[in-house]
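In: I would like the atomic coordinates for the input below:
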Amino acid sequence: MEYTILGDSKAKGPLRPLPSLAAAFSVVLTTVLSLVAPAPAATAQAAATGTVLGGVPIDTPHVNGTVWATAYGGDTVYLGGDFTAVIVAGRAHVRAGLAAFDAATGALLPWAPVANGRVRAIAADGDHVHIAGSFSQMNGLPRDSLASVTVESGTVLPFRHFVSGQPYSVAVHSGRLYIGGAFTAVDGQSRGNLAAFNLATGLLDPAWRPTADDHVNGLAINSGRLYVGGKFHTIDGQRGVRRIAALNPATGAIDPGFRSSLVYAVIGLGVNQGGVYAAVAGPGGRLTAMAHTGAVRWSITTDGDPQAVALLDGIVYVGGHFDNVCRTSRVASTNGDCLDGRTTRVKLAAVTEDGVLTPWIADGNGVTGVHTLTADPTRRRLAAGGAFTTINREPRARFAQFA
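Out: Modelled structure (predicted):
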């Protein structure tokens, strides 16, 4: 197994765990203090290879408030958050919670819809961008926590609904828009933290109504499944789907082929053909890899919660408010500090699909760190957003793009 770091022809060779890390990366975490042998699925990934992006992000403008959401669409990367301006060469350009950059050059684009509150999630779909958050207006028009706009001009579409609560995540698949979050109803119809809309008609799907018993933080679609992750213990009253479940995107029915028993809440999700990767909370925090059956393949522990996951070229990128990757799963119950040694990775880290920490260094700063990661496999880009102001001590206020 080998790694390559783009932009550094010397940084290539056999990929081995850092000293004393082997135990942490070859076992499965079942609780914060107990370990069992790795699942057989873990050994099937032994031949995996990965190409790590460069740790120096390309030059991009600065953002003056927290970035909560990123999404690629065509040649553009979209940002959503709490910001009011984007700073280019010292000049402030007004952007009310939404902005767009050229994915190749990092240049600010004129696209500038106006949200009057936090933008929490974005999904780009062809000619449209779908937006969720805690706003009540978009471009001065009433839009309760959910809106769709055009990619060309940011013109608000007629798509309009009333959400009793707040959506935290959005996803688009086969003509449907899915939302997950903390809400009890949409348009006066009962919905338990999950809902779907027909994009052809703009209407709430009356038949798609799985009910999660607690918040849904992340959505990810792969191979005919909609994976949902969050704080919930049951969906439709069924157990065996604790924290993560796989749903039928068309019907909302639970897929019985995936079973989860994760202990702590899932904050972010990433999915590919190799499996499901979850940013998991708890004392410290952990990045956990699962097979498409739900069986845990491996888990690594950090001294703060991972909050976002993105997959690119055989590498799992994770962002959060951690400062270190722990050498074992043991952490202090009071503050999550690593008890058996640590390897510094500040707010960002890269791990192979086998669960081996790579030498990639892209250290951020701040307290809450990275809130969102999105990969663009076409251009081999990684977008990171959050509350950081530097990456590897270079100014990158709240948004960075790696290539």
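
In: so what pairs up with the residue lying closest to Leu141 once chain neighbours are set aside in the strands?
Out: Once flanking residues are discounted, Leu141 sits nearest to Val156: 5.2 Å by C-beta to C-beta, 6 or more residues apart in numbering. C-beta here means a position set from N, CA and C on the backbone, and glycine is covered the same way. Beta-bridge pairing for Val156 (DSSP bridges): Val149.

In: pull the contacting residues for Val156.
Out: Residues in contact with Val156 (C-beta atoms under 8 Å, 6 or more residues apart in numbering) are Pro113, Met138, Asn139, Leu141, Arg143, Ala147, Ser148, Val149.

In: what about the residue lying closest to the second one once chain neighbours are set aside, which helix or strand?
Out: So the one you mean is Met138. Spatial nearest neighbour of Met138, chain neighbours left out: Ala147 (4.1 Å); criterion: C-beta to C-beta, 6+ apart. Using DSSP states H and E, Ala147 maps to strand 146-150.

In: name the residues that touch the helix or strand just after that strand?
Out: Sequence-wise, the next helix or strand downstream of strand 146-150 (DSSP H and E) is strand 163-173. Contacts with strand 163-173, where a contact means C-beta under 8 Å, 6+ apart, come from 120-123, 125, 130-134, 144-146, 177-186, 193, 199, 215-221, 226, 249.

In: in its sheet, what does strand 163-173 sit against?
Out: Looking at strand 163-173 with DSSP bridges, its partner strands are strand 176-186 (antiparallel).

In: give me the mean pLDDT for the partner strand.
Out: What strand 176-186 shows for mean pLDDT is 98.

In: what are the pairing partners of the helix or strand just after that strand, and which direction each?
Out: The element immediately downstream of strand 176-186 (helix or strand, assigned by DSSP H and E) is strand 189-190. Its sheet considered, strand 189-190 pairs with strand 176-186 (antiparallel) by DSSP bridges.

In: taking strand 146-150 as reference, get the angle to the partner strand.
Out: Here strand 176-186 runs at an angle of 150 degrees relative to strand 146-150 (axes from the mean of the first three to the mean of the last three C-alpha atoms, to 10 degrees).

In: could you list the buried residues of strand 176-186?
Out: By neighbour count on 16 or more other C-beta atoms under 10 Å, the buried set for strand 176-186 is Arg176, Leu177, Tyr178, Ile179, Gly180, Gly181, Ala182, Phe183, Val186.

In: show me the two of those residues that sit farthest apart.
Out: Arg176 and Ala182 (20.6 Å; C-beta to C-beta).

In: contact partners for the residue nearest to Leu157 when sequence neighbours are not counted?
Out: With sequence-adjacent residues excluded and distances taken as C-beta to C-beta, 6+ apart, Leu157 is closest to Ser148, at 4.4 Å. Ser148 makes contact with His128, Val129, His130, Ile131, Val156, Leu157, Phe159, Leu177 under the criterion C-beta under 8 Å, 6+ apart.

In: tell me the one of these nearest Ala103?
Out: Closest to Ala103, out of all of those and judged by C-beta to C-beta, is Val129, at 14.0 Å.

In: ok, and the closest non-adjacent residue to the closest one?
Out: Residue nearest to Val129 in three dimensions, not counting chain neighbours: Val149, with 5.4 Å by C-beta to C-beta, 6+ apart.

In: number of residues surrounding that neighbour?
Out: Counted with other C-beta atoms under 10 Å, the neighbours of Val149 add up to 22.

In: so how far is Asp102 from it?
Out: Val149 is 18 Å from Asp102, where distance means C-beta to C-beta, to the nearest Å.

In: before we move on, what about Val351?
Out: Val351 is 29 Å from Asp102, where distance means C-beta to C-beta.

In: who has more neighbours, those two?
Out: Using other C-beta under 10 Å as the criterion, Val351 and Asp102 rank with Val351 on top: 25 against 13.

In: so what's the nearest residue to that one once chain neighbours are set aside bridging to?
Out: Excluding the flanking residues, the one nearest Val351 by C-beta to C-beta, 6+ apart is Val316, at 4.7 Å. Beta-bridge pairing of Val316 under DSSP bridges involves Leu311, Val351.

In: is it true that Val316 touches Glu353?
Out: Yes - assessed by C-beta atoms under 8 Å, Val316 is found in contact with Glu353 at 6.2 Å.

In: now do the shared contacts for these two.
Out: Ala289.

In: more crowded one of these two?
Out: Shown here are Val316 and Glu353; by other C-beta under 10 Å, Val316 has more neighbours (25 against 21).

In: list the contacts for that one?
Out: Applying C-beta under 8 Å, 6+ apart, the residues near Val316 are Gly270, Tyr277, Leu287, Ala289, Val309, Ala310, Ala350, Val351, Thr352, Glu353.

In: no further queries at this time; thank you.
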